[in-house]
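>>> have a look; sequence and predicted model below, questions after that.
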Amino acid sequence: MPSHATTAKRRHPAPRRHRVETRRPWWTSPWLLAGTVAAVAAVVAILLFVGTSTPRTSPGTKGSNLAPSSVVDAATNPDVAALAVVGVAGESASFVDISKASAALTRDSHPLVVFVSADYCPFCAARRWGLVVALSRFGTFSNLGLTSSSSTDTDPNTSSFSFHGSSYSSSWISFDGVETETSDGKPLDAPDAQVLGVLAKYDVPPYTSQADAIPFLDLGGRYLSIGAGFSPALLQGMSAEQIAKVIRDPHSPVGQAIMADANAITAAVCTMTGDQPASVCAAAPIPQVIATLEGR
Amino acid sequence: MSRRASRGAIALAAFAFVGAAISVYLTFVHYAAAPLACGSCGVIDCADVMSSAYSVLPGTTIPVTVPGMLWFAGSGALAVTAVVALRRGIAEPGWLRPMHLLWTVAGLVAVFYLVYGEISLRHICEWCTGVHLLVLASLLVAMARWQHSVSR
């Protein structure tokens, strides 16, 4: 038998509560997190599609490619033993002592190496190999480009680095590499006022038979070298990768030429830095090359 | 103190610490010209990415790891503010979670640019990918924390 209480409940049922459906705003939904992950994946997929459908380029290089890491690694990590074996046995550009005519050339409190060249120039292409090898012993290049000389000039399509868009950091020296024109003769980098002053003073007779000659290399206002360290004909028909493969080989004519030029440049740089670092400037054959440079 | 809220803030602080440590290391490698501890096999090539034009702020020689350090420092500061408030049993400032969410969204935009750089170079850098994942993880946690605050 039902109790009174139960009977009362049946007679007077409690007022029914109506549930009010409150929709949660979409931004509080757990699906927002999943949607975010999906959106990120979609953006990466789009970037993957766009990025792989264009040639490998880099901002600031205006169409010239970055040098492959294998080529950069070979040139910027020279074999010290091979450099000692080669010495300056190959051809070597002449270095003119301008220290008596020039004040020391500096930037950011370091001796400054100025190199003015152009992508189209085959002699510049040859010079850059030794220059990159030599300067890598004093510091680090970033963003070295890859280029080849003009297809219509002598020694056409000579493969080399390009300094356009690159940077260099060193505890010993500063470096300003200026590529004035592209391989097809279009304007590229503009020399700054300091470099223009150096060119006005030294890229003229009697330092060169013809004004505005390239490649132009001023080593701290101490030594001047205008021209290639060896003939670009030596590099004919070789890709940058093929050059990189022999750049540390003391038995290869190409390796010998590049390393001999690098040794000459290294010795000239050592005269700028007070023979520092010793690990570079005291290593064979640099002391002998310095002695030759200084006419001792 | 909500244990869940505290866990989220601590996770954000941890992500920021690890990300800042990676950024400091990569910045040191850049300026000291020290060898980079990373692989070079197939698509993975840290040295190529870290020496590319994408490794510096456009038009400068400042490595992108410097703004990376600053970003993680900012994220860490916001996370620590939350952790301290929660530990003291006081309410987090109302602006904190929306601000952290906006900060991580800005970080993700930068990550998209850097990922595009890696794709353009056809190479991936493990350190960079680690940092990118930390930014994404920070975004998701910051979003979850923000959602929790607006749904209360």
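Thanks, I have the structure now.

>>> now do the host helix or strand of residue B:144: distance to the chain's middle.
Element membership for residue B:144 (DSSP states H and E) is helix B:126-150. Here helix B:126-150 is found 8 Å from its chain centre; the criterion is Cα atoms, centre = their mean, to the nearest Å.

>>> how many other residues sit next to residue A:211?
11 (other Cβ atoms under 10 Å in any protein chain shown). (C-beta placed from N, C-alpha, C; glycine too.)

>>> could you pull out the strands in the stretch 51-200 of chain A for me?
A:65-66, A:96-97, A:106-107, A:110-117, A:139-142, A:145-148, A:159-162, A:167-170, A:174-179 (DSSP state E, counting those that start in this stretch).

>>> for the first one, what is the average pLDDT?
Per-residue confidence for strand A:65-66 averages out to 80 on the pLDDT scale.

>>> residue A:234: how many residues sit nearby?
Neighbours of residue A:234 (other Cβ under 10 Å): 19.

>>> that one contacts residue A:125, doesn't it?
No. The pair residue A:234 / residue A:125 is not scored as a contact, 10.9 Å apart, by Cβ atoms under 8 Å.

>>> secondary structure class for residue B:60?
Three-state call for residue B:60 (DSSP: H, G, I helix; E, B strand; the rest coil): coil.

>>> quick revisit: so which of the strands of the stretch 51-200 of chain A is the most packed in?
For the strands of the stretch 51-200 of chain A, the largest average neighbour count (mean count of other Cβ atoms under 10 Å in any protein chain shown) is found in strand A:159-162, namely a mean of 27.

>>> so what strands line up beside that strand?
strand A:145-148 (antiparallel) (DSSP bridges).

>>> residues making contact with the partner strand?
A:61, A:64-68, A:71, A:119, A:125, A:157-166, A:179, A:183, A:240 (Cβ atoms under 8 Å, 6 or more residues apart in numbering or on different chains).

>>> and the helix holding residue B:144, what does it pack against?
Applying 3 or more Cβ pairs under 8 Å, 6 or more residues apart in numbering or on different chains; DSSP states H and E, one finds that helix B:126-150 contacts helix A:31-52, helix B:3-32, helix B:46-50, helix B:65-87, helix B:96-121.

>>> cutoff 10 Å now
When contacts are defined as 3 or more Cβ pairs under 10 Å, 6 or more residues apart in numbering or on different chains; DSSP states H and E, helix B:126-150 packs onto helix A:31-52, helix B:3-32, strand B:44-45, helix B:46-50, helix B:65-87, helix B:96-121.

>>> residues contacting residue 118?
In the absence of a named chain, chain A is used. The contact partners of residue A:118, taken as Cβ atoms under 10 Å, 6 or more residues apart in numbering or on different chains, are A:124-125, A:147, A:149-150, A:162, A:164, A:178-183, A:185, A:187-189, A:214-215.

>>> nope, chain B please
Residue B:118 touches A:47-48, A:51, B:43, B:45, B:48-49, B:52, B:54, B:124-125, B:128-129, B:132, counting by Cβ under 10 Å, 6+ apart.

>>> likewise for residue A:188?
A:62, A:64, A:118-120, A:162-165, A:178-182.

>>> give me the pLDDT for the residue in the stretch 1-150 of chain A that chain B sits nearest to.
Relative to chain B, the nearest point of the stretch 1-150 of chain A is residue A:51 (3.1 Å; Cβ to the nearest Cβ). According to the prediction, residue A:51 has pLDDT 75.

>>> burial count for it?
18.

>>> how about it, nearest residue that isn't a chain neighbour?
Take residue A:51 and drop its neighbours on the chain: the residue closest to it by Cβ to Cβ, 6 or more residues apart in numbering or on different chains is residue B:119, 3.1 Å away.

>>> quick check: the one you found touching residue B:128?
No. Counting by Cβ atoms under 10 Å, residue B:119 sits too far from residue B:128 to count as a contact (11.8 Å).

>>> burial measure for residue A:181, as a count.
Residue A:181 has 18 neighbours, counted by other Cβ under 10 Å.

>>> err, residue A:132, not the other one
Count around residue A:132 with other Cβ under 10 Å applied: 28.

>>> that one contacts residue A:163, doesn't it?
Yes. Applying Cβ under 10 Å as the test, residue A:132 and residue A:163 come out as touching, 8.8 Å apart.

>>> what stretches of chain A score poorly on pLDDT?
A:1-23, A:54-64, A:89-93, A:296 (pLDDT under 70).

>>> re the thing from before, by how many degrees do the helix holding residue B:144 and helix B:3-32 diverge?
150 degrees (axes from the mean of the first three to the mean of the last three Cα atoms, to 10 degrees).

>>> pull out the buried positions in helix B:126-150.
B:127-129, B:131-132, B:134-147, B:149 (16 or more other Cβ atoms under 10 Å in any protein chain shown).

>>> quick check, central residue of chain B?
residue B:135 (4.0 Å; Cα atoms, centre = their mean).

>>> for that residue, give me its contacts.
B:15, B:19, B:68, B:71-72, B:75, B:104-111, B:114.

>>> same question, residue A:246
A:74, A:238, A:252, A:253, A:254, A:255, A:256, A:258.

>>> identify the residues contacting the residue lying closest to it once chain neighbours are set aside.
Excluding its sequence neighbours, the residue lying closest to residue A:246 (Cβ to Cβ, 6+ apart) is residue A:252, at 3.9 Å. Neighbour list for residue A:252: A:82, A:243, A:245, A:246, A:258, A:259 [criterion: Cβ under 10 Å, 6+ apart].

>>> where does the fifth one land in three-state SS?
What that stands for is residue A:258. helix.

>>> likewise the one 5 residues further on?
Per three-state DSSP, the local secondary structure of residue A:263 is helix.

>>> and the gap between it and chain B?
22 Å (Cβ to the nearest Cβ, to the nearest Å).

>>> that concludes my questions; thank you for your assistance.
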